[in-house]
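[1] got a predicted model here, sequence first, then my questions.
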Amino acid sequence: MIELASTGRERCVLVGVSTRTASREALADSLDELELLADTAGADVVARMTQDRDRFEPATFIGKGKVDELRALVQEQRIPLVIFDDDLTPVQVRNLETALEVKVLDRSGLILDIFVARARSSEAKTQVELAQLQYLLPRLTRAWTHLSKQFGGIGTKGPGETQIETDRRMIRTRISHLKEKLDRIGQQRETQRKGRRKHLRAALVGYTNVGKSTLLNILSGSDVFVENRLFATLDPTTRYVDLGSGNAILMTDTVGFIRKLPHHLVASFKSTLEEVTEADMLLHVVDVSHPSYEEQIAIVQETLAELNAADRTTLMVFNKVDRLADRGFLGEVARHHPSHVFISATRGINLMGLKEALVALLRQEFREVTVQLSHTEQRAISQLFNITEVTEQRYEGDTALLTIRMAAGDERQVRQLVREAGGSITSAPDPG
Ligand SMILES: Nc1nc2c(ncn2[C@@H]2O[C@H](COP(=O)(O)OP(=O)(O)OP(=O)(O)O)[C@@H](O)[C@H]2O)c(=O)[nH]1
Ligand SMILES: [Mg+2]
């Protein structure tokens with residue numbers, strides 16, 4: 001663990017390997033990002049070491065010569081921490097720590113560390129702890145003596161084999177306890193979401209540090225934490241956003257994605273990320289000024305697929321256009337992504353365009369109509385309340401008039417229902 005407050009900043013070396021499939025350029029890019037992650041975690045990068053290899057060394061990930069070189073470097077410059085850009089197996093970590101005599105972390109371990117430091121709510125803390133324990137379990141060996149401190153009560157002499165077994169059992173118990181707790185929180189969340197059904201919901205998704213929270217703040221006039229670091233946001237925040245001309249939505253900001261996001265984290269953040277998977281539409285925010293914005297889009301799309309949200313209606317929001325010296329390539333970007341807007345959240349460029357695009361999407365995905373039914377058709381009326389969003393209900397004599405908003409996919413069912421109940425449907429007056 002990198003201790004943020006107590007020990008100040010820690011110095012570290014980054015290590016990356018380029019292979020035939022991952023070019024040197026891609027590696028440099030990935031290491032830049034790893035450096036940002038290290039910085040976020042409270043470590044200063046003093047050196048980078050890279051190696052070209054066609055295959056990874058099973059025992060130590062990098063070749064023996066490189067291990068020696070690395071050892072010389074960390075010993076000479078008294079660097080206490082080495083961070084690998086790729087995930088290491090528990091055995092590799094152990095071998096490397098033995099050979100180098102300093103702490104070794106991999107990318108997942110580093111990301112977990114940041115999540116630990118940043119988790120604020122009880123839910124985020126629980127999710128992070130679960131991910132951390134699942135990451136730790138296979139790595140639990142003699143080297144992990146600090147566990148005793150973390151859990152308290154365990155002997156301080158450092159775990160022997162029996163002690164490790166006891167630790168493993170404790171961790172498994174703790175894991176199932178945390179899972180139960182998350183299930184309960186998930187159910188509460190579900191209830192809260194149902195209560196919010198009155199408004200359509202949009203979720204901000206995107207790579208970390210692209211400006212999601214900045215955008216939510218500016219659209220809703222709120223004050224969500226923004227920082228030029230990775231993973232500023234862990235807990236989902238939902239705000240009311242007025243789109244003008246009588247349209248409004250609830251917009252949720254949530255955790256950003258990153259390449260090689262540890263699998264355990266995605267799994268433990270499932271309930272947080274359900275805010276995303278259950279939204280009516282997604283705003284995929286992209287930092288179009290970033291050199292690898294295209295790869296970032298692909299990574300976000302992969303993560304969305306993992307969450308079964310790849311087919312959700314999506315508006316591509318290309319942010320930070322103010323940082324572009326040359327906007328010539330935006331035409332090409334627009335052709336690639338038919339549903340798009342270009343904006344700058346900090347400069348307030350084209351926010352009207354964004355709102356208009358959202359309203360257009362709402363109209364396309366959701367139809368607002370007025371249903372006329374005999375007031376005796378209570379069953380049909382209550383079904384309408386179940387399937388659609390009833391925005392207004394009034395009576396004229398024996399006739400019930402319901403203004404409803406329905407998803408395009410539910411329209412057939414609604415029409416049939418109304419027909420069978422002897423009612424009729426007219427388009428609702430355009431609110432605009
Ligand atoms: N130049 C420029 N900077 C921006 C713009 N929008 C956001 N930023 C900056 O980008 C950085 C990250 O912004 P955030 O809103 O925290 O990004 P995020 O996507 O919420 O990041 P995470 O919560 O870490 O996933 C901050 O320093 C913002 O000031 C923009 O339109 N132009
Ligand atoms: Mg944020």
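    It's in. Ligands and ions are numbered 1, 2, ... in the order given.
[2] what does the protein have sitting close to ligand 2?
    Residues of the chain found near ligand 2, taking C-beta under 5 Å from the ion as the criterion, are 212-213, 232-233. The way it works is simple: take the backbone N, C-alpha and C, and place the C-beta from them, glycine included.
[3] nearest to ligand 2: which residue in the stretch 301-432 of the chain?
    Of the stretch 301-432 of the chain, the residue with the smallest distance to ligand 2, taken as C-beta to the ion, is A345 at 11.2 Å.
[4] could I get the contacting residues of that residue?
    With contact taken as C-beta atoms under 8 Å, 6 or more residues apart in numbering, A345 is in contact with 211, 214-215, 218, 319-320, 351.
[5] in a markdown table, list the residues of the chain next to ligand 2 along with distance to T254, neighbour count and pLDDT.
    What follows is these, written out as a markdown table (distance: C-beta to C-beta, whole Å; neighbours: other C-beta atoms under 10 Å; pLDDT from 0 to 100):
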| residue | distance to T254 | neighbour count | pLDDT |
| --- | --- | --- | --- |
| K212 | 8 | 31 | 94 |
| S213 | 10 | 24 | 93 |
| A232 | 12 | 19 | 72 |
| T233 | 7 | 21 | 73 |
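[6] and these, which of them are in helices?
    Under the assignment DSSP state H, the residues of the chain next to ligand 2 contribute 212-213 to helices.
[7] among the residues of the chain next to ligand 2, which two are most distant?
    Greatest spatial distance among the residues of the chain next to ligand 2 (C-beta to C-beta): K212 and A232, at 9.2 Å.
[8] give me the pLDDT for the residue of the stretch 301-432 of the chain closest to ligand 2.
    Note for A345: predicted pLDDT of 97.
[9] and for D167?
    The predicted local distance difference test score for D167 is 81.
[10] so in the chain, where's the weakest helix or strand by average pLDDT?
    Of all regular secondary-structure elements in the chain, judged by mean pLDDT, DSSP states H and E, the least confident is helix 147-151 with a mean of 41.
[11] name the helices or strands packed onto the helix or strand just after that one?
    With elements assigned by DSSP states H and E, the helix or strand that comes after helix 147-151 is helix 161-195. Counting contacts by 3 or more C-beta pairs under 8 Å, 6 or more residues apart in numbering; DSSP states H and E, helix 161-195 packs against helix 122-136, helix 147-151, helix 270-277.
[12] show me what from the chain comes close to ligand 1.
    Residues of the chain that fall close to ligand 1, judged by C-beta under 6 Å from any ligand atom: 206, 208-214, 226-228, 230-233, 256, 319-320, 322-323, 344-346.
[13] host element of V369?
    Take DSSP H and E as the rule and V369 turns out to sit in strand 366-374.
[14] next, the buried residues of that strand.
    Using 16 or more other C-beta atoms under 10 Å as the burial criterion, the residues of strand 366-374 that qualify are 366-369, 371, 373.
[15] describe which strands it pairs with in its sheet and in which direction.
    With DSSP bridges as the test, strand 366-374 is paired with strand 399-407 (antiparallel), strand 424-427 (antiparallel).
[16] need the winner for burial among the ones you listed.
    When you average the neighbours per residue for each of the strands paired with strand 366-374 (mean count of other C-beta atoms under 10 Å), strand 399-407 leads with a mean of 18.
[17] who touches that strand?
    Counting by C-beta under 8 Å, 6+ apart, strand 399-407 makes contact with 200, 280, 365-375, 377, 381, 384, 387-395, 414, 428, all of which sit outside it.
[18] hang on, the earlier thing: and of the contacts of A345, the nearest to R94?
    Within the contacts of A345, proximity to R94 (C-beta to C-beta) peaks at G211, which comes in at 40.3 Å.
[19] the closest one against N319, yeah?
    Yes: checked against C-beta atoms under 8 Å, the pair G211 and N319 is within contact range at 4.5 Å.
[20] could you pull up the contacting residues of the residue of the stretch 51-200 of the chain found nearest ligand 2?
    The shortest separation between the stretch 51-200 of the chain and ligand 2 is 10.6 Å, found at R118 (distances taken as C-beta to the ion). Contact partners of R118, counting by C-beta under 8 Å, 6+ apart, are 124, 231-232, 234.
[21] may I ask which two of those residues are separated the most?
    A124 and A232 (12.7 Å).
[22] and the helices in the stretch 251-400 of the chain?
    Listed in chain order, the helices found in the stretch 251-400 of the chain under DSSP state H, counting those that start in this stretch are 263-268, 270-277, 293-306, 330-336, 351-365, 378-387.
[23] could you dump those to JSON lines with mean neighbour count?
    Formatted as JSON lines, the entries for these read as follows, by neighbours: other C-beta atoms under 10 Å:
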{"stretch": "helix 263-268", "mean neighbour count": "18"}
{"stretch": "helix 270-277", "mean neighbour count": "19"}
{"stretch": "helix 293-306", "mean neighbour count": "17"}
{"stretch": "helix 330-336", "mean neighbour count": "12"}
{"stretch": "helix 351-365", "mean neighbour count": "17"}
{"stretch": "helix 378-387", "mean neighbour count": "14"}
